[in-house]
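# predicted model and sequence below, questions to follow.
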Amino acid sequence: MIVDIKGVGQAQFPDDMAIADIRSFLRNKYYDRAAQGQSDILSPQPQTASPYELTLTERLGGGIAEGLKGAGLISDNYGAQQIGKNVTALGEFLPGIGDASAGDDFGRAVAEGDNLGMGLAALGAIPVVGDAARRGARAFDDLPMDEFSRMKRGHEQGFKVKDDMFHGTTHDFNEFSDTGADSNLNKEGHWGAGHYFTNKSGDASDNYAGIGPDLENRINQRSEQIANEMDWDYDDPRAIEQATKELVGHEGAILPVKLREGKVFDLRGRSESKLGYERETPDWEDYLDDAEGDEDIARELAEEASWDEEPTGEVADFIESLQRQADEYGFDADEIIGEIQQQAVDYEGISASALDNIMRKTEWWAEDPETGALINNEVYRQAVEDAGFDSIKHSAVEDFPSMKMPIGTEHTIIFKPENVRSKFAKFDPKNKQKAGLLGGLGALGLGTGISSQQSSKEESY
């Protein structure tokens, strides 16, 4: 038997259940709660003209849309609305939704103004999805999720929680990745295959959340590769169309994030990094006999002997990486290594800007063995990482003068994906070394629009 319940929708009861018993059941289940102020979903309807009151299924849809959006589990309004519509549509056909296990949770959430709770309760009413939703809910229950608590955990894990950073993209994903199909990396980028972020949302919106200058350049490069592979003209429309399909996912979105920068290779003048370069100098007193007791001569002999020692420090590690990559990719690194060593010896190290000048202005060529693309910038970035750095910071306004961007725009390049979190992340200590913007409900697969490459992970980060 199907029964229409005012303010709720339809519910299914046994065919042989008496009407009086149905009324008694509903009165006991809902009316007492409404009278106690716990929920108004079944309050008596006034017999006067009043604004339209949403049904329970409509509240379910609205609750999950607002709740998941507000909690940061869905980054855009459209995706939140879509999952809400899906819940509403399914709810209309659920048998006994008024008596579903989620009903009490939803009523509690309404009374408490808990939008996220409404959303989770709504999902709990749907077979199969409900189990996943409840697991997601439990993930949020074990740690406090207010902003202060989340940011405190993030700070304790080394994230710069006071600094909002942004990533513009035309793709859906739930984590940054270094390898495989989910990789977001581009070896031909200004800093090679790193993860790029800006401190200005306007920069992310204008230049990266859509086909901006950066993506347009990548499309052109890829289309030329495709044309060469297919033996087409370099400007063949088919090559451009294929490259666009490969590199452009949707119209664009901006991800607000928090970063764990670690040791920074900083090219900004006010806080520029200097890479050390040292050789251990033997004790001059050990050369007194050779110097016939002359201290000055003994010191000179010790200094000369230091050149037999292997150099140490960030510069030495950087050079070692260049030599290894020169062997791997088959390019001549002698000139750039010679210039770096000369400056490092003269100044007992080298500044980040001086090193950058050598790496970008000295003529050398490293090619990707698979694509033939020029990957000097990736060799450079890898050497910075091998020298012990975790990220790069530079002034984008100074380095990209032809691009339109707000004054004071700075870019940060993160090497490891586990050092990136959504602004709305849980910052769960047990996941602090795992990659993932957000886990949990993002993997439910109800058409949320979060990611076209969803994983089955259920962790919350």
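Perfect, I can see it now.

# make it CA atoms for all contacts and neighbour counts henceforth
Noted.

# beyond the lengthiest helix in the chain, next helix or strand please.
Taking DSSP state H as the criterion, the chain has its longest helix at helix 213-230. With elements assigned by DSSP states H and E, the helix or strand that comes after helix 213-230 is helix 237-247.

# give me the contact list for the helix or strand that that next one is followed by.
Counting by DSSP H and E, the element after helix 237-247 in chain order, helix or strand, is strand 253-259. The contact list for strand 253-259 (Cα atoms under 8 Å, 6 or more residues apart in numbering) reads 75, 159-161, 163-171, 201, 204-205, 209-210, 414, 419-424.

# mind giving me the packing neighbours of the longest helix of the chain?
On a contact count with 3 or more Cα pairs under 8 Å, 6 or more residues apart in numbering; DSSP states H and E, helix 213-230 meets helix 237-247.

# tilt between the helix it packs on and helix 213-230?
130 degrees (axes from the mean of the first three to the mean of the last three Cα atoms, to 10 degrees).

# rounded mean pLDDT for stretch 416-425, please.
Stretch 416-425 comes out with an average pLDDT of 92.

# and what of stretch 149-157?
Mean pLDDT, stretch 149-157: 94.

# name the residues of it that are buried.
For stretch 149-157, a neighbour-count test (16 or more other Cα atoms under 10 Å) marks 150, 151, 153, 154, 155, 157 as buried.

# then stretch 408-424?
Neighbour count says stretch 408-424 has 409-424 buried, by 16+ other Cα under 10 Å.

# what's the farthest-apart pair in the residues you listed?
Put simply, by Cα to Cα the two of the buried residues of stretch 408-424 set farthest apart are 409 and 418, 24.0 Å from each other.

# ok, and the closest non-adjacent residue to residue 312?
Nearest non-adjacent residue to residue 312, counting by Cα to Cα, 6 or more residues apart in numbering: residue 278, 5.3 Å away.

# pLDDT value on the one you found, please?
86.

# got it, and residue 282?
Reported pLDDT for residue 282: 75.

# can you give me the neighbour number for it?
The criterion is other Cα atoms under 10 Å. On that basis, residue 282 has 16 neighbouring residues.

# ok, residue 390 next?
A total of 19 residues lie near residue 390 under the criterion other Cα under 10 Å.

# go on, residue 354?
Neighbours of residue 354 under the rule other Cα under 10 Å: 14.

# residue 391 now?
Residues within reach of residue 391, counting by other Cα under 10 Å, total 25.

# can you name the residues that contact it?
261, 262, 263, 264, 265, 385, 412, 413, 414, 415.

# name the SS class of the fifth one, please.
Residue 265 falls in the strand class when you classify it by DSSP: H, G, I helix; E, B strand; the rest coil.

# okay, and the beta partners of it?
residue 392 (DSSP bridges).

# quick check: it touching residue 384?
Yes - using Cα atoms under 8 Å, residue 265 is in contact with residue 384, at 7.5 Å.

# neighbour-wise, which of these two wins?
Remark: of residue 265 and residue 384, residue 265 carries more neighbours, 27 against 24, as counted by other Cα under 10 Å.

# distance check, the more buried one against residue 392.
Per Cα to Cα, to the nearest Å, residue 265 is found 5 Å from residue 392.

# same check, this time on residue 253
23 Å.

# hmm, back to that, from the buried residues of stretch 149-157, which land in helices?
Using DSSP H, the members of the buried residues of stretch 149-157 that fall in helices are 150, 151, 153, 154, 155.

# the second one contacts residue 161, correct?
Just to be clear, that refers to residue 151. Yes - here residue 151 lies in contact with residue 161, judged by Cα under 8 Å, at a distance of 6.0 Å.

# show me which of the contacts of strand 253-259 are buried.
Using 16+ other Cα under 10 Å as the burial test, the contacts of strand 253-259 include 75, 159-161, 164-171, 201, 204-205, 209-210, 414, 419-424 as buried.

# fine by me, we can end here.
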